[in-house]
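1. dropping the sequence and predicted coords here.
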Amino acid sequence: MNSFDDGLLPKNDTHRKIIHLDMDAFYASVETRDHPELKNKALVIGQDPRNYHGHGVVATANYIARQYGVHSAMPSIKALRLIPKNKLVFMSPDFKKYHSVSAEIHQLMHEITDNVQSIALDEAYLDVTENKLGVTSALQIAINLQKKIKKEIGLNCSFGVTYNKFLAKMGSEYSKPFGRTIILPEEAQQFLAKQKIAQFHGIGPKTQAKLAEMNVFTGRGLQKMHVRDLIKHFNRMGYLMAEHANGIDLSRVIPDDERNRKSIGIERSYEPSVYSEQTALTNLRNYVNDLADKLIERNFYANTVVLKIRNSDFKTVTKRRKLDHATNNPLELYDVAKDLFDPISSSFLNDGIRLLGVTATDFTEADYENMDLDLFIQ
Ligand SMILES: [Mg+2]
């Protein structure tokens, strides 16, 4: 840990075992597997611009095409200029096929754990701290998975194994294709120090340029910055950069089935019933705080808040309100919940409240670059 964190950075947690798995040139590899005659071609998945009036974007390029400087999100017409015509093959993406191959890969991952968080069709985090196989070596689990995907599905992937998500992703990027990277807790600072800023996931070109002006080009440069200065220049993103440069990422692997839920709620029933307004409001505040924690952890912002209340005669009422802006701020959420509670509170308190709950729904996911920092600087 660097000496400039002013106690702002949280204590690190290095006990978890996290794998980031990333398929190598996924769409292109699937097509090469299914069309072996393309093996020595520069394969570009994307529409052939010659058939679409020069339009089209590269979805994925295989490694031969990449040697010519072609990469994803590049206009297809540029690939046409960079790659000799006799080498180049365009192929339109077949997303239905990629979805089904991705499902096969997920099946293999779920043989290990259900703690799988998908980032894209070709990319996922696994938390294997506890796993169905009872294997303690995360590296062994990852190697076996990589071999199994090769043998049963016929595709290459890379992985990073370490103690958090951020580092695991950096690891899988570090030695592609068919890469294996393990980063031990005691190696993390060193590993990060050597990485170029562009390798830090989440730091876009604008921030890179700003950092370059501050003479920060590597993880080492970030590690040397005062956390407060990073926050001053980049708000919450500066704080995250400081955490990441120091090998800290406490975010959980959130299983897909949990992530896909459409709402998150907390409710409790009471025996005996609650007759005190103060107790009811204190409980409500606690539920809202827990709810906000869950939203923040998932990076979800709620657009709608629902209050549920039941009295001793099992009369149940739910009140919902659409917000004028999405939020996961506990104070704002509480204001709405209390607003929903107040007009009906006296009749329910009269009969006794048997159940009280608050639910957030209608989610927006925020981007890491445009969050603000009021949670951190007080
Ligand atoms: Mg990939």
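-> Nice, thanks for sending it over.
2. quick one: the helices in the stretch 101-250 of the chain?
-> Assigned by DSSP state H, counting those that start in this stretch, the stretch 101-250 of the chain shows helices spanning 138-148, 165-174, 188-194, 205-213, 219-224, 227-245.
3. which strand or helix spans Phe363?
-> strand 353-365 (DSSP states H and E).
4. and that strand, how far from the chain's centre?
-> Centroid displacement of strand 353-365 relative to its chain, using C-alpha atoms, centre = their mean, to the nearest Å, is 23 Å.
5. helices and strands around that strand, which ones?
-> Here strand 353-365 touches strand 263-274, helix 277-298, strand 300-311, strand 316-327, helix 330-351, going by 3 or more C-beta pairs under 8 Å, 6 or more residues apart in numbering; DSSP states H and E. Where you see a C-beta, it was placed from the backbone N, CA and C, and this is true even at glycine.
6. list the buried residues of the second one.
-> Neighbour counts using 16 or more other C-beta atoms under 10 Å place 280-281, 283-285, 287-288, 291-292, 294-296, 298 of helix 277-298 among the buried residues.
7. can you tell me which of these is nearest Lys87?
-> Among those, Arg298 lies closest to Lys87 (C-beta to C-beta), at 44.7 Å.
8. and that closest one, how far from Asn328?
-> In this structure, Arg298 and Asn328 are 9 Å apart, going by C-beta to C-beta, to the nearest Å.
9. tell me which of the helices and strands packed on strand 353-365 sits most buried.
-> Mean neighbour count (mean count of other C-beta atoms under 10 Å) peaks for strand 300-311 among those, with a mean of 21.
10. pick the one among the buried residues of helix 277-298 closest to Asn350.
-> Nearest member of the buried residues of helix 277-298 to Asn350, counting by C-beta to C-beta, is Ala280, at 12.1 Å.
11. nearest residue to the closest one in space, please, no chain neighbours.
-> In space, and not counting its chain neighbours, Ala280 is closest to Val274: 5.3 Å by C-beta to C-beta, 6 or more residues apart in numbering.
12. so who does that neighbour touch?
-> Ala280, Asn283, Leu349, Gly352, Ile353, Leu356 (C-beta atoms under 8 Å, 6 or more residues apart in numbering).
13. and the gap between the one residue in the stretch 201-350 of the chain that gets nearest to the ion and Ile309?
-> Across the stretch 201-350 of the chain, the shortest distance to the ion (C-beta to the ion) belongs to His201, at 12.9 Å. For His201, the distance to Ile309 (C-beta to C-beta) stands at 43 Å.
14. just send the helices of the stretch 101-250 of the chain back as TSV, with mean neighbour count too.
-> Formatted as TSV, the helices of the stretch 101-250 of the chain follow (neighbours: other C-beta atoms under 10 Å):
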stretch	mean neighbour count
helix 138-148	18
helix 165-174	24
helix 188-194	17
helix 205-213	13
helix 219-224	20
helix 227-245	21
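15. hmm, back to that, pLDDT at the residue nearest to Ala280, what is it?
-> pLDDT for Val274: 97.
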